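Colleague: Return atomic coordinates for the entry below.
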Amino acid sequence: MDNSAKIWPNAPKKVECPSCSKGNQLYLHDAATHYVCVHCKLFVNVSEKKAEKISSKSQKVDFLWPIGKTGQIRGITYQLTGAVLRKEKGASYTWMEYCLFNPLHGYVYLSEYTGNWILLKETSIYPQVKINNHTIEDAEGNSYQLFLRYQTDCLNAIGEFPYNAVDENVKLIKEYINPPVMYMLKEYPSETIWFKGEHISFKEIKEAFGDSEFAPPKIGKGSIEPQFLGIEYKSFAIYAALTILIMGVFTLLFENSLEPKKVFHQSYYFNCNDSANKVYVGEGFKLDKGINNLELFFHTKLEQNWVEAEITLINDDLDEEYTLTKELYYYSGYDDEGSWTDGTNESSEIFNNIPAGNYHIQVIPYLSPNPMNVSLDLEIYRGVAVRSNFYYLIGLLIILVYLQYLRYMSFERKRWSNSNYSTYDHRSWFERNLGGSDE
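Modeller: Down below sits the predicted model:
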């Protein structure tokens, strides 16, 4: 529980700028080692009572909230004490850093770049280098990859700080990421300091501090921005494989528990001299046990011939019909490569969701011009196992794994496009697959 909110923030300490002699208010009191005068805009070193210009390349910037603003982030009340506009040395892009303070929990820092936000706090439980300087590992065994190495310049600042925000005297900064978490290492001439950061949404920040006059536009993917449904595709593939395995076991157990019942068996003899579209009506039969499926097995003795039959299942109680068309053919012969066959004399089809009731079968054959009589043997079983749904599941999961692979790789390519240490191919799909360019 954040008890500090009951006794804090207290009244700010009043100080006089050594340059313009006008008053300033320090919310950090004696903990503030540097501040920016609200009147002359110079950067003041409190202990040395020295004021200097922030930067020869100073840029005007609209800061989101006024200094002294308080808000609750993840259950802890913080006060905004300072804000800095920074850029990488040798580069043109800039980002914002906000210094926040709580008397019980200390300092945290908000970093914003192109509308992507990170909440950082100094940590004494820092990771160790693993294998090489590009990979580190924390105490839980999580690996973090080197994302950036850089030095910074300060372009503008407001508020007060417990450190020299304009010239931190940092030799090098390294960022290691494992979204949505990161570690930042600041290397000073005499020490190194680690910070642990987490992704935070601007919505959460606005709920803490309220609306600002403007919102930084979100551009691109943040260095530790989590993907929506961003499970790594390899893990997704493992889950899919386990799902297929489990469903396969259940399918086999279900099939073994079924006892299909033969409800109909009749042989039909089609005379090639019969008139076209002659209707053959089968014997009636009864189906019970509510709604279930039917499997129709077809068997013929074709040779160099074909037969097509329209099979209609008619519910005599409800006057409903279920129709399918089945073609069987069988041809064989010899050629330069040897003997060959084409077609089959046996096949099956499924009628799904057939209710109980009294039924009969109606068959309309369509015969080839070949003057041969044809026989068709038809068997119908009730309550058979249907594997098609299992095969559909396999196909669906394969498609989902592939789509997740595309989503994941696209997101990570965009994320790592901001890094000099990316292992992703950032060429477009057209360039990667066709060897061309986008132009």
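
Colleague: where along the stretch 51-200 of the chain do the helices fall?
Modeller: Here the stretch 51-200 of the chain has no helices by DSSP state H, counting those that start in this stretch.

Colleague: pull the longest helix from the protein.
Modeller: For the chain, the helix with the greatest residue count under DSSP state H is helix 388-416.

Colleague: so how far is that one from its chain's centroid?
Modeller: Helix 388-416 sits 10 Å away from the centroid of its parent chain (CA atoms, centre = their mean, to the nearest Å).

Colleague: Buried residues, it. List them.
Modeller: For helix 388-416, a neighbour-count test (16 or more other CB atoms under 10 Å) marks 390, 393, 397, 401, 404, 407-408, 411-413, 415-416 as buried. Every residue, glycine included, has its C-beta placed from N, CA and C.

Colleague: domains of the protein?
Modeller: Domain ranges of the chain: 4-209, 233-252+389-434, 259-384, per automatic domain parsing.

Colleague: Which one of the ones you listed lies nearest to residue 221?
Modeller: The minimum distance between residue 221 and the domains of the chain falls on domain 233-252+389-434, with 4.3 Å, by CB to CB.

Colleague: Just the mean pLDDT for that closest one, thanks.
Modeller: In this model, domain 233-252+389-434 has an average pLDDT of 80.

Colleague: One more: stretch 287-303?
Modeller: 89.

Colleague: cool, and stretch 171-181?
Modeller: For stretch 171-181, mean pLDDT rounds to 94.

Colleague: Run through who's touching that stretch.
Modeller: By CB atoms under 8 Å, 6 or more residues apart in numbering, the surrounding residues in contact with stretch 171-181 are 127, 135-136, 142-152, 182-189, 196-199, 223-227, 230, 415.

Colleague: buried subset of the residues you listed?
Modeller: 127, 136, 144-150, 152, 182-186, 196-199, 223-225, 227, 230, 415.

Colleague: Inside strands: which ones of those residues?
Modeller: Using DSSP state E, the subset of the buried ones among the contacts of stretch 171-181 located in strands is 136, 144-150, 152, 182-186, 196-199.

Colleague: Okay, strands next: where are they in the stretch 251-400 of the chain?
Modeller: Along the stretch 251-400 of the chain, the segments classed as strands by DSSP state E, counting those that start in this stretch run 261-270, 280-281, 285-287, 292-300, 305-315, 320-335, 338-344, 346-354, 357-367, 374-382.

Colleague: Tell me which residues of stretch 353-362 come out buried.
Modeller: Within stretch 353-362, judged by 16+ other CB under 10 Å, the buried ones are 354, 359, 361.

Colleague: How far off centre is that stretch?
Modeller: Distance, stretch centre to chain centre, for stretch 353-362: 47 Å (CA atoms, centre = their mean).

Colleague: how long is that stretch from one end to the other?
Modeller: Terminal residues of stretch 353-362 lie 19 Å apart, using CA to CA, to the nearest Å.

Colleague: who's in contact with it?
Modeller: Under the criterion CB under 8 Å, 6+ apart, residues 264, 266, 279-294, 311-318, 322, 378, 380 lie in contact with stretch 353-362.

Colleague: Mind checking which of those are buried?
Modeller: Among these, those classed as buried by 16+ other CB under 10 Å are 264, 280, 282, 285, 287, 292-294, 311-315, 378, 380.

Colleague: Kindly compare burial across the domains of the chain and name the winner.
Modeller: domain 4-209 (a mean of 16; mean count of other CB atoms under 10 Å).

Colleague: Wait, residue 331 touches residue 343, no?
Modeller: Yes: with contact defined as CB atoms under 8 Å, residue 331 reaches residue 343; the gap is 5.9 Å.

Colleague: hang on, the earlier thing: now, which of the buried ones among the contacts of stretch 353-362 sits nearest residue 251?
Modeller: Set against residue 251, the nearest of the buried ones among the contacts of stretch 353-362 by CB to CB is residue 293 (14.7 Å).

Colleague: Find the nearest non-adjacent residue to that closest one, please.
Modeller: Take residue 293 and drop its neighbours on the chain: the residue closest to it by CB to CB, 6 or more residues apart in numbering is residue 352, 5.0 Å away.

Colleague: Tell me who's in contact with residue 330.
Modeller: 300, 302-306, 341-345.

Colleague: hey, what's the closest residue to residue 192 other than its chain neighbours bridged with?
Modeller: With sequence-adjacent residues excluded and distances taken as CB to CB, 6+ apart, residue 192 is closest to residue 185, at 6.1 Å. On the basis of DSSP bridges, residue 185 is bridged to residue 174, residue 194.

Colleague: sorry, back to before: and the domains of the chain as JSON lines, adding distance to residue 218?
Modeller: Shown next, in JSON lines, are those (distance: least, CB to CB, whole Å):
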{"stretch": "domain 4-209", "distance to residue 218": "3"}
{"stretch": "domain 233-252+389-434", "distance to residue 218": "12"}
{"stretch": "domain 259-384", "distance to residue 218": "48"}
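
Colleague: rank those by pLDDT, which is bottom?
Modeller: When the domains of the chain are compared by mean pLDDT, domain 233-252+389-434 comes last with a mean of 80.

Colleague: Is residue 47 in contact with residue 33, as I believe?
Modeller: Yes: contact criterion CB under 8 Å: residue 47 and residue 33 qualify, at 6.7 Å.

Colleague: Which residues does stretch 208-215 contact?
Modeller: Contact with stretch 208-215 is made by 62, 64-65, 69-73, 78, 80, 115, 202, 206, as judged by CB under 8 Å, 6+ apart.

Colleague: repeat that for 10 Å
Modeller: 62-66, 69-74, 76-78, 80, 98, 100, 110, 115, 200, 202, 205-206 (CB atoms under 10 Å, 6 or more residues apart in numbering).

Colleague: Out of those, which sit inside strands?
Modeller: Per DSSP E, the subset of the contacts of stretch 208-215 in strands is 70-73, 76-78, 80, 98, 100, 110, 200.
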